[in-house]
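J.: Sequence below, structure please.
(chains A, B, C and D)
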2 protein chains.
Amino acid sequence: MSENTTPRLLDNQLCFAFYSASKKFNHFYQDALKPFHLTYPQYITMLALWETSPMTVRELGDHLNLDSGTLTPLLKRLEKQGWITRTRSDQDERQVNVDVTPFAAAQRDEVYARVNDCVDLLSLDGIDYNQFLDQIREVMTELDGISNDHLIGAKMS
Amino acid sequence: MSENTTPRLLDNQLCFAFYSASKKFNHFYQDALKPFHLTYPQYITMLALWETSPMTVRELGDHLNLDSGTLTPLLKRLEKQGWITRTRSDQDERQVNVDVTPFAAAQRDEVYARVNDCVDLLSLDGIDYNQFLDQIREVMTELDGISNDHLIGAKMS
DNA sequence: AATTAATAAATCGTGTACAACTCAATTGTC
DNA sequence: GACAATTGAGTTGTACACGATTTATTAATT
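T.: Next up is the predicted model:
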């Protein structure tokens, strides 16, 4: 048990930095996507579907790390706004196939262009993307490795 | 206007990495803090208050980048669970002073120890914290610099 | 002093997140 | 072929997050 009565500053700062940066990035994309009335989670859902469709809710969830409790309402909103269709699979009536509409297919390039134009306004030339992404993914892998079991082991006092 | 019909992969990946890492980190802390029934946003609120208290809701919001719409219900929950007190200022009855309770003061070191123990399970020795944090903050600064005005300028088609 | 502007919190509405649960459909086993 | 176990989606409840509005209070201006 740790006897130190000071929190590990760097780890706290790291987590807070991710937390803050994620919110700011979210915000940035939200603004960029305003003309299309898409939120960031909706946007990454469409990105995944533009790349591969149709997909079941489960497959989408695997791509985005979201469960049906989050996706179902999100997909219903996308459906209502005309971006996607949701249809029960004939082969397996438990699954729902999510597919892009002709409208979404037609909008795709405009969305890409809009996002690219907004990203152009950022000057992130200074950073080495691949090395930076590798570091983030290393942290994520480490976080994935820690299961609840480990945490239970480190009980309080 | 961008003629490219492909999204800028690296920027999308960077945003998604922050988004995913933030969620995983959140989760990690949430598990670590389970014995204290604290969520991550509640934890960083307490961290800020343990460092400086009392603070007004506004001051807290400046530290955490959260507005009263988020903080007020969060603080009410912390109050109900006995971590903080909320009292209208006498000097200026518009503001509410948030202060830690004796209970929270007594729990502080246990929370620190618990978090430290859990962080010990991560092996993040490979990363250069300061350089990593600098990079994240550089991205955040860049994102802060882009105001809505710029984005309006980059209208769609 | 009276009116206006500015500020601080709270409130309301929408949209994630996610745990826990339900329910229907399918699979595996005997 | 019956039945338990599993799976996929949906539902419910709690907790952020934030824009927009509201209300109360203080500060500024005439």
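
J.: Strands of chain A, start to end?
T.: If DSSP state E is used as the criterion, the strands of chain A fall at A:55-56, A:84-88, A:96-100.

J.: Is DNA strand D within reach of the lengthiest helix in chain A?
T.: The helix of greatest length in chain A, counted in residues with DSSP state H as the criterion, is given as helix A:9-32. Yes - when contact is scored as CB under 7 Å from any atom of the strand, part of helix A:9-32 falls within range of DNA strand D: A:Y19, A:K23, A:N26, A:H27. Yep, even glycine has a C-beta here, placed from its N, CA and C like the rest.

J.: Weed out the non-buried ones from these.
T.: A:Y19, A:K23, A:N26 (16 or more other CB atoms under 10 Å in any protein chain shown).

J.: can the residues of helix A:9-32 next to DNA strand D go into a markdown table with extra columns for distance to B:L9?
T.: Rendered in a markdown table, the data for the residues of helix A:9-32 next to DNA strand D read as follows (distance: CB to CB, whole Å):
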| residue | distance to B:L9 |
| --- | --- |
| A:Y19 | 24 |
| A:K23 | 22 |
| A:N26 | 19 |
| A:H27 | 21 |
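
J.: which ones are touching A:Y43?
T.: By CB atoms under 8 Å, 6 or more residues apart in numbering or on different chains, A:Y43 lies in contact with A:Y29, A:L33, A:V111, A:V115.

J.: now, the most widely separated pair of those?
T.: With CB to CB as the measure, no two of these lie farther apart than A:Y29 and A:V111, at 10.8 Å.

J.: Near DNA strand D, which residues of chain A? Just list them.
T.: Of all the residues in chain A, those lying near DNA strand D are A:19, A:23, A:26-27, A:56-58, A:61, A:67-69, A:71-73, A:75, A:86, A:92, A:94-96, going by CB under 7 Å from any atom of the strand.

J.: would TSV of the contacts of A:Y43 with pLDDT be doable?
T.: Output for the contacts of A:Y43, formatted as TSV (pLDDT from 0 to 100):
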residue	pLDDT
A:Y29	96
A:L33	96
A:V111	96
A:V115	95
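
J.: which stretches of chain A form helices?
T.: Counting by DSSP H, chain A forms helices over residues A:9-32, A:40-51, A:57-64, A:68-80, A:102-120, A:129-145, A:148-153, given from the N-terminal end onward.

J.: I'd like to know how many residues surround the residue in chain A that chain B sits nearest to.
T.: When distances are taken as CB to the nearest CB, chain A reaches nearest to chain B at A:S22, 3.6 Å away. A:S22 is surrounded by 22 other residues when neighbours are defined as other CB atoms under 10 Å in any protein chain shown.

J.: That one and A:Q81, how far apart?
T.: Remark: distance between A:S22 and A:Q81 (CB to CB, to the nearest Å) = 24 Å.

J.: How about A:G69?
T.: If you measure A:G69 against A:Q81 using CB to CB, the figure is 20 Å.

J.: same thing with A:Q95?
T.: Using CB to CB, one obtains 23 Å as the distance from A:Q95 to A:Q81.

J.: which residues touch the residue nearest to A:D67 when sequence neighbours are not counted?
T.: The shortest distance from A:D67 to any residue other than its chain neighbours is 5.7 Å, reached at A:G61 (CB to CB, 6 or more residues apart in numbering or on different chains). Residues in contact with A:G61 (CB under 8 Å, 6+ apart) are A:D67, A:S68, A:L71.

J.: The second one and A:V57 touch, don't they?
T.: Yes - counting by CB atoms under 8 Å, a contact exists between A:S68 and A:V57, whose distance comes to 5.6 Å.

J.: which of the two has more neighbours?
T.: The residue with more neighbours, out of A:S68 and A:V57 and counting by other CB under 10 Å, is A:V57; that gives 18 against 13.

J.: got JSON lines for the contacts of A:G61, with distance to A:M46 too?
T.: Converted to JSON lines, those look like this (distance: CB to CB, whole Å):
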{"residue": "A:D67", "distance to A:M46": "19"}
{"residue": "A:S68", "distance to A:M46": "18"}
{"residue": "A:L71", "distance to A:M46": "13"}
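
J.: okay, the residues you listed in CSV with distance to DNA strand C next?
T.: Written out in CSV, the entries for the contacts of A:G61 read as follows (distance: CB to the nearest atom of the strand, whole Å):
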residue, distance to DNA strand C
A:D67, 6
A:S68, 7
A:L71, 8
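
J.: of all these, which comes closest to DNA strand D?
T.: Taking CB to the nearest atom of the strand as the measure, DNA strand D sits nearest to A:S68 out of the contacts of A:G61, at 3.5 Å.

J.: any idea how far that closest one is from A:L38?
T.: Counting by CB to CB - A:S68 and A:L38 are separated by 21 Å.

J.: and if you look at A:P102?
T.: Between A:P102 and A:L38 the distance is 17 Å, computed by CB to CB.

J.: In terms of neighbours, single out the busier of these two.
T.: Each of A:P102 and A:L38 has its neighbours counted (other CB under 10 Å); A:L38 has more, 22 against 8.
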